[in-house]
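Chemist: could you look at this predicted model? Sequence included:
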Amino acid sequence: MATKKSEHKTIKIFDTTLRDGEQSPGASMTISEKLRIASQLVKLKVDVIEAGFPIASEGDFEAVKKIAQTIKGPEIAGLCRSSFKDIDRAWEALQYAGDRGRIHTFIATSDIHMKYKLKMSPKEVLESAVKAVKRAKSYTPNVEFSCEDAVRTEIKFLAEIVGAVIDAGATVVNIPDTVGYTIPFEYFNIIKYLKDNVANVENATISVHCHNDLGLSVANSIAAVQAGAGQVECTINGIGERAGNCSLEEFVMAIKTRPDILPFKTNVASEHLTPASRLLTTVTGIVVQPNKAIVGANAFAHEAGIHQHGMLMDKTTYEIMTPESVGLKSSSLVLGKHSGRHAFKKRLEELGYDLDDEKLNQAFERFKALADLKKEVFDEDLDALVADEIMRA
Ligand code: KIV
Ligand code: ZN
């Protein structure tokens, strides 16, 4: 049954373009580039900006500090491992954001990571997590803890550590799918299990952070909010480690487009999505695939004649959201070999041509012949084609 919009729960958007996104090969940003992206994130009205990993380098420390000093509106988070040195350094940068500063500390909790990477026992990991949260808490009430590789963590241990860090004062607990391994049904069950079995779970927001190794990060994030998660971590254009993170624009527009079935909303001003995507491409040089949902060049382009005809009759035939809602001026009818007479005629009219039926038919035949030779027929091609047709008369 559809729910009333006023009953929709607000899901917080935690943008990690400047931290996990920056971990994409080739996405490294200077301080001023990070500031440009952060200003765009303010326009988008994300709830939290993860500005970087302050202990990672001097440059990242300065970037987080500058963002904490100058960016107003969203909370500003900085990542740190569960070591006092990391946490102290993170707060040194974040303190300028005052009560909007969030320390985000993490440690891996899966057997694989504890054994091979950390070489620590579960007991040691749990103690380290609790100590880290307490240390962070000595600086700010705003503390997020992440159980790295949560999806491959033994579920009872995961529940134990979530309960322990909440007791220690974590106000947000993140359950990442670090390696993009889960599927929606499984992830739903993990979040639901924690919601049902961790006694103090209501004292914190459960966050999710999905990687895209199987192309499921958005679907998994949606399943997680259906199970009770209250924050989604994501990036512009879905950039991030390996195959990337949950794409912010895809998650936000899924929520916005299906309020009938998803009783959630976000604070994101979606008309700033396309400018954000383009700015990130400009800054990083990482291009967006044309068929990428929401912000790809073809996301609102229609080529087939049947689709174009439908679009000319009523846009809702082939568009489930408006181009304006994501910051585009309009959708486009691309002229190619699958295009039909309706779209062809419309484009000629837009270009100022008014051909009688016979000329239109002839021009259309020539257009089809040309379209068989080219990937796309441009306005200049149409100008030449019509001029030629008129000369023949
Ligand atoms: O993918 C991951 O687990 C992370 C954490 C550090 C949150 O990026
Ligand atoms: Zn990650």
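Modeler: Structure's in. What do you need? Ligands and ions are numbered 1, 2, ... in the order given.
Chemist: what sits against the residue lying closest to Asp20 once chain neighbours are set aside?
Modeler: Spatial nearest neighbour of Asp20, excluding adjacent residues (CB to CB, 6 or more residues apart in numbering): Gly240 at 4.4 Å. To be clear about C-beta, it is placed using only N, CA and C from the backbone, and glycine gets the same treatment. By CB atoms under 8 Å, 6 or more residues apart in numbering, the residues touching Gly240 are 16, 20-21, 23-24, 211-212.
Chemist: check these against ligand 1, which are close?
Modeler: By CB under 6 Å from any ligand atom, the members of the contacts of Gly240 lying near ligand 1 are 20, 211.
Chemist: would you mind listing what in the stretch 1-150 of the chain touches ligand 1?
Modeler: 20, 106, 146, 148.
Chemist: please list all residues in contact with the residue nearest the centre of the chain.
Modeler: Most central in the chain under CA atoms, centre = their mean is Leu248, positioned 1.7 Å from the mean C-alpha point. Shown in contact with Leu248 (CB under 8 Å, 6+ apart): 13, 15, 17, 44, 46, 234-236, 238, 268, 273.
Chemist: let's have those in a markdown table, adding neighbour count and secondary structure.
Modeler: Output for the contacts of Leu248, formatted as a markdown table (neighbours: other CB atoms under 10 Å; DSSP: H, G, I helix; E, B strand; the rest coil):
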| residue | neighbour count | secondary structure |
| --- | --- | --- |
| Ile13 | 24 | strand |
| Asp15 | 30 | strand |
| Thr17 | 32 | coil |
| Leu44 | 26 | helix |
| Val46 | 30 | coil |
| Cys234 | 29 | strand |
| Thr235 | 29 | strand |
| Ile236 | 29 | helix |
| Gly238 | 28 | helix |
| Val268 | 24 | coil |
| Leu273 | 24 | helix |
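Chemist: give me the number of residues near the closest residue to Phe84 other than its chain neighbours?
Modeler: Distance criterion CB to CB, 6+ apart; nearest residue to Phe84, sequence neighbours excluded, is Arg135 at 5.4 Å. Residues near Arg135, counting by other CB atoms under 10 Å, number 21.
Chemist: do the same with the one 4 residues further on
Modeler: Tyr139 is surrounded by 17 other residues when neighbours are defined as other CB under 10 Å.
Chemist: return the set of buried residues in the helix or strand of the chain with the lowest mean pLDDT.
Modeler: For the chain, counting by mean pLDDT, DSSP states H and E, helix 379-392 ranks last in confidence among helices and strands (a mean of 88). For helix 379-392, the neighbour count (16 or more other CB atoms under 10 Å) marks 382, 385-386, 389 as buried.
Chemist: same check on stretch 138-157?
Modeler: 139-140, 142-153, 157.
Chemist: and what of stretch 20-29?
Modeler: Buried residues in stretch 20-29, defined by neighbour count with 16+ other CB under 10 Å: 20-24, 27, 29.
Chemist: out of the residues of the stretch 1-150 of the chain next to ligand 1, which is nearest to Val295?
Modeler: Asp20 (18.3 Å; CB to CB).
Chemist: now Lys43: closest residue in space that isn't a chain neighbour?
Modeler: In space, and not counting its chain neighbours, Lys43 is closest to His272: 4.7 Å by CB to CB, 6+ apart.
Chemist: which helices and strands does the strand or helix carrying Ser39 pack with?
Modeler: In this structure, Ser39 sits in helix 31-44 according to DSSP states H and E. Packed against helix 31-44 by the contact rule (3 or more CB pairs under 8 Å, 6 or more residues apart in numbering; DSSP states H and E) you find strand 48-52, helix 58-70, helix 273-284.
Chemist: residue of the stretch 201-350 of the chain with the smallest distance to ligand 1?
Modeler: Nearest residue of the stretch 201-350 of the chain to ligand 1 (CB to the nearest ligand atom) works out as His209 at 5.0 Å.
Chemist: so is that residue in a helix, a strand, or just coil?
Modeler: Recorded secondary structure, His209: strand (DSSP: H, G, I helix; E, B strand; the rest coil).
Chemist: quick check: residues of the stretch 201-350 of the chain near ligand 1?
Modeler: Contact residues, the stretch 201-350 of the chain versus ligand 1 (CB under 6 Å from any ligand atom): 209, 211.
Chemist: what ranges do the strands span in the stretch 201-350 of the chain?
Modeler: 205-210, 231-234, 264-265, 301-302, 332-333 (DSSP state E, counting those that start in this stretch).
Chemist: CSV please, covering those strands and showing mean pLDDT.
Modeler: Listed next are the strands of the stretch 201-350 of the chain as CSV, based on pLDDT from 0 to 100:
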stretch, mean pLDDT
strand 205-210, 98
strand 231-234, 99
strand 264-265, 98
strand 301-302, 96
strand 332-333, 94
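Chemist: picking up where we left off before, give me the contact list for the helix holding Ser39.
Modeler: 15, 17-18, 29, 49, 51-52, 59, 62-63, 66-67, 70-74, 236, 248, 268-269, 272-273, 275-276, 279-280, 283.
Chemist: repeat the analysis, applying 6 Å as the threshold.
Modeler: Residues from elsewhere that reach helix 31-44, judged by CB atoms under 6 Å, 6 or more residues apart in numbering: 15, 18, 49, 62-63, 66-67, 71, 73, 268-269, 272, 276, 279, 283.
Chemist: how about that helix: buried residues?
Modeler: 31, 33-35, 37-38, 40-41, 44.
Chemist: got it, and stretch 87-102?
Modeler: Across stretch 87-102, burial judged by 16+ other CB under 10 Å covers 87-94, 96-97, 100-102.
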